[in-house]
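Trainee: Attaching a predicted model along with its sequence, questions to come.
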Amino acid sequence: TQMLNERLSLTLDYYHKKTKDALADTKADPTKGALYVKRNDGIVTNHGFEVSLSSKNVKLSDFEWNTFLNFNYNKSRVDQISETEDLAYWIAGKVLNRAGNEPKSIYVFEWAGIDKDGNGLIRRGNGDLINIGNNRGKDGPFDPGDLVRADLKHAGTILPKSVVGLTNNFIYKNFSLSFM
């Protein structure tokens, strides 16, 4: 939509897209020279909107000043993907794509404080506490293999939900200067 004698322009867009065959890391036979290969194995759903506003602030015979404002919001979800790691402690704290959550998510163990002996505690997926300290008593030393994928908690994504951009463009004769 253009207004004010075409000096102001507004655009609104909405999208909903399901991407099939998205690239994903998939386990490979290590004897072939790689632990993982990229394969078209994922399905991701994106939806959101974008608002763009542009203005011609000044327009003279040899000088022009334009401003562009853009805002977008995106919500994504990984619908299907191959799981790449078996052991929970290998994937804790890493950026991953897992079905049911946003792309580029981080998964962590939930810290539950310390016990009376000063040992660290992690809350498992079922709510039980597991002692990860050195003084475990009758349980013996802590084995990271005791933790499973269900013990990991989704901590969010590294991708922003929204982005705002502002650009100014100055044109004098045949010279142009833009900055954000």
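Mentor: All right, it came through fine.

Trainee: For the helix or strand where residue 73 lies, buried residues please.
Mentor: Under the criterion DSSP states H and E, the helix or strand holding residue 73 is strand 63-80. Under the neighbour-count criterion of 16 or more other Cβ atoms under 10 Å, strand 63-80 has 65-66, 68, 72, 74, 76, 78 buried. Just so you know, the C-beta spots here come from the backbone N, C-alpha and C atoms, and that holds for glycine as well.

Trainee: What average pLDDT does it get?
Mentor: Throughout strand 63-80, pLDDT has a mean value of 95.

Trainee: Give the buried residues for the next helix or strand after that strand.
Mentor: Where DSSP H and E defines the elements, the next helix or strand beyond strand 63-80 is helix 88-91. By 16+ other Cβ under 10 Å, the buried positions in helix 88-91 come out as 88-89, 91.

Trainee: and if you look at stretch 83-102?
Mentor: By neighbour count with 16+ other Cβ under 10 Å, stretch 83-102 contains the buried residues 84, 88-89, 91-92, 96-98, 101-102.

Trainee: related to what we said a few turns ago, among the buried residues of strand 63-80, which pair sits farthest apart?
Mentor: By the measure Cβ to Cβ, 65 and 78 form the most distant pair in the buried residues of strand 63-80, at 43.1 Å.

Trainee: show me where the chain has strands.
Mentor: In the chain, the segments counted as strands under DSSP state E are 2-3, 8-27, 36-59, 63-80, 95-96, 105-114, 120-123, 129-131, 152-157, 162-172, 175-179.

Trainee: quick one: which of those strands has the weakest pLDDT on average?
Mentor: Among the strands of the chain, strand 2-3 scores lowest, at a mean of 77.

Trainee: Help me confirm that residue 45 comes into contact with residue 15.
Mentor: No: taking contacts as Cβ atoms under 8 Å, residue 45 lies outside contact range of residue 15: 11.0 Å.
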